[in-house]
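[1] turn this into a model:
(2 chains)
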Amino acid sequence: NAGVTQTPKFRILKIGQSMTLQCAQDMNHNYMYWYRQDPGMGLKLIYYSVGAGITDKGEVPNGYNVSRSTTEDFPLRLELAAPSQTSVYFCASTPSGLPSYEQYFGPGTRLTVT
Amino acid sequence: AQKVTQAQTEISVVEKEDVTLDCVYETRDTTYYLFWYKQPPSGELVFLIRRNSFDEQNEISGRYSWNFQKSTSSFNFTITASQVVDSAVYFCALSEGNTGNQFYFGTGTSLTVIP
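    Residues are numbered from 1 along each chain as shown, chains lettered A, B, ... in the order given. Predicted coordinates for the structure are as follows:
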């Protein structure tokens, strides 16, 4: 199993550009998450999904959109990139909504908006 | 309000010293889970341990040990005889019973082990 994969690993965007961060998992997990990690701030939840076709906002959803058309994929869309979106983005998945399961994380995408 | 507090932002120790990383959490749920993750300089997040709210037994795994105390809402992590490879950022996280396995992360503690 590849686990959770993310592409790209690094990206530099200009202000106002758009891009999609890709996330895929091959563990047949129903639950998937997007976090951002800012220096000294821990991880903040952007969006999450409990299954194909179902998504919901997390703590910091503004400026982002998601979709979940398949169990495997959970892309994160940035429209009109802003410097405040400079961060490291992590995708995660877990098999169940039960709180006992750990989340499996991808390697992260480092995004810089200038 | 912050659900998970890691008051220690950065810690430096000399190799072979013991070090304890503090984690204080806040929840009204009776069923919840606490986790520790390690983030080495390479950036990935590595799961270390999970503890549920009904199990207050301390756990030891090699040089790692965890002390869970509900009375003080703490879940502290001790590394014994630290090594340079322990240098990383360590995150404590909380998952509550009714939030679809949403994790609440602390801000992390950056540990540097000096050779």
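[2] nearest residue to the most centrally placed residue in chain A other than its sequence neighbours?
    Note on chain A: the residue nearest the mean C-alpha position is A:Trp34, at 2.8 Å, using CA atoms, centre = their mean. Excluding the flanking residues, the one nearest A:Trp34 by CB to CB, 6 or more residues apart in numbering or on different chains is A:Ile46, at 4.3 Å. The C-beta positions use only the backbone N, C-alpha and C, and glycine is treated the same way.
[3] and if you look at A:Thr55?
    That would be A:Ser49: by CB to CB, 6+ apart, it lies 4.6 Å from A:Thr55.
[4] contacts only, for the one you found.
    By CB atoms under 8 Å, 6 or more residues apart in numbering or on different chains, the contact list for A:Ser49 reads A:Tyr31, A:Met32, A:Tyr33, A:Thr55, A:Asp56, A:Val66, A:Arg68, A:Phe74.
[5] same thing but at 6 Å, please
    A:Met32, A:Thr55, A:Arg68, A:Phe74 (CB atoms under 6 Å, 6 or more residues apart in numbering or on different chains).
[6] go on, A:Gln25?
    So A:Gln25 contacts A:Val4, A:Ser93 (CB under 6 Å, 6+ apart).
[7] ok, so what distance separates the residue of chain A positioned farthest from its centre from A:Val4?
    Computed with CA atoms, centre = their mean, the residue of chain A farthest from its C-alpha average is A:Ser100, at 21.1 Å. Distance, A:Ser100 to A:Val4, using CB to CB, to the nearest Å: 19 Å.
[8] B:Phe77 now?
    24 Å.
[9] please apply the same query to B:Leu45.
    Applying CB to CB, one obtains 10 Å for the distance of B:Leu45 from A:Val4.
[10] partners of the lowest-mean-pLDDT helix or strand in chain B in the sheet?
    Least confident helix or strand of chain B, by mean pLDDT, DSSP states H and E, is strand B:59-61 with a mean of 85. Using DSSP bridges, the strands paired with strand B:59-61 in its sheet are strand B:64-69 (antiparallel).
[11] burial of A:Gly3, as a residue count?
    As a burial measure, A:Gly3 scores 14 neighbours (other CB atoms under 10 Å in any protein chain shown).
[12] run through the residues that contact the residue nearest to it when sequence neighbours are not counted.
    Leaving aside its chain neighbours, A:Gly3 sits nearest to A:Tyr104 (6.0 Å; criterion: CB to CB, 6+ apart). A:Tyr104 makes contact with A:Gly3, A:Val4, A:Ser93, according to CB under 6 Å, 6+ apart.
[13] no more questions from me, cheers.
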